[in-house]
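J.: sequence? don't have it. structure:
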C-alpha cells in the first residue's frame, strides 16, 4: 500500500526536513533534489476485492491468448462497499507493437463520445497484456498511471491491471477516497460465475472430493522400489525400468 497524497501527520516533519535540507544543500547545477519517505499506510478496513464477471474474464483471456502484440482494454466497474466488480471489457482504438500499446489520439476521443453515459461513468479500469513478458509496470506504464491520477477527483477510484500469456496478473486500485494505492498483495482477486465465486467453488470441490496421496522416498539401492508407497528414483536406470527389466 502507498499513500496518494501527503498524510497530514507528516506535513510538519516534511517541512522541517526540507528546511534542514535547504540550509545544508550545496549544488553546482542550480537544482535541488529533495525526497521524503513516509511510512506505509495502516488500513483498518476490509481488504478490497476485485471480482471479474465470467464474461469479462473470458474476454480478457481471449484478448491475451490470441494477440501476439500487446493489447489494451477498459473495464466497466461497479463498486459495492469493498468489492469492485468488473462487469464488462471494452476494447478501444489503439496502436500496438510487441512491447507497447497506446490509445489512438485521433480515434480514441470519438470512441469515448459514442459510449452511453451510464457506461462511460463506470469506465474505471485500464488493463493491458504484456504478452510473454513479466507483469511489472514499465516506465511508460507508470507515467500513464501518474498522469491519470492527476485528473482524479477526491472521491474517485481507478483500477489498473497487467496480465500476460502465462496468466500472471498484477493489479492496483487507486482509491482517492481512502488516499491509498492498493497493490496486488493488498487485494483479493476472484471471478464470479453462475455458481458463485470461482475460488470458493474450487476450494469446496477440492475439500470434498480430492485426497492427496503421499509418497515417502527411501534409500533402497540403485533401482526403483515399488513395494508399498515408497520408491527410490535413479535416473541412470530409467531405461531398464521403462522396458520392464525391473519390477
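T.: Sure, I can see it. This structure is a prediction, so every number in the text was calculated from the model and none was measured.
J.: show me where pLDDT drops low in the chain?
T.: Where the chain drops to pLDDT under 70, the residues are 217-247.
J.: Which strand or helix spans the nearest residue to residue 129 once chain neighbours are set aside?
T.: Counting by CB to CB, 6 or more residues apart in numbering, residue 129 lies nearest to residue 64, which is 4.6 Å off, once chain neighbours are set aside. Just so you know, the C-beta spots here come from the backbone N, C-alpha and C atoms, and that holds for glycine as well. Residue 64 belongs to helix 54-66 when elements are defined using DSSP states H and E.
J.: Now do that helix: everything it contacts.
T.: 52, 71, 73, 75-76, 86-89, 91, 127, 129, 163-165, 167, 191-194, 198 (CB atoms under 8 Å, 6 or more residues apart in numbering).
J.: Got a ChimeraX select line for the buried ones in the residues you listed?
T.: Only the buried entries of the contacts of helix 54-66 go into this ChimeraX selection, using 16 or more other CB atoms under 10 Å:
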select :52,71,73,75,76,86,87,88,89,127,129,163,164,165,191,192,198
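J.: Am I right that residue 108 is in a strand?
T.: No - assessed with DSSP: H, G, I helix; E, B strand; the rest coil, residue 108 is helix; it does not lie in a strand.
J.: Hmm, it is touching residue 94, no?
T.: Yes - look at residue 108 against residue 94 with CB atoms under 8 Å: they come within range, at 7.4 Å.
J.: For the residue most central in space within the chain, list the residues it contacts.
T.: The centroid of the chain falls nearest to residue 170 when counting by CA atoms, centre = their mean (1.7 Å). Going by CB under 8 Å, 6+ apart, residue 170 touches 135, 136, 137, 161, 162, 163, 184.
J.: Give me the subset of those residues lying in strands.
T.: The strands, defined by DSSP state E, take in 161, 162, 163 from the contacts of residue 170.
J.: With distance to residue 21 as extra columns, can I get the residues you listed in JSON lines?
T.: Listed next are those as JSON lines, based on distance: CB to CB, whole Å:
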{"residue": "161", "distance to residue 21": "37"}
{"residue": "162", "distance to residue 21": "36"}
{"residue": "163", "distance to residue 21": "41"}
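J.: between these, which is closest to residue 47?
T.: Here the nearest of the ones in strands among the contacts of residue 170 to residue 47, counting by CB to CB, is residue 161; it sits at 17.1 Å.
J.: so the closest one makes contact with residue 174?
T.: No - the criterion here is CB under 8 Å, and residue 161 misses it with residue 174 at 11.9 Å.
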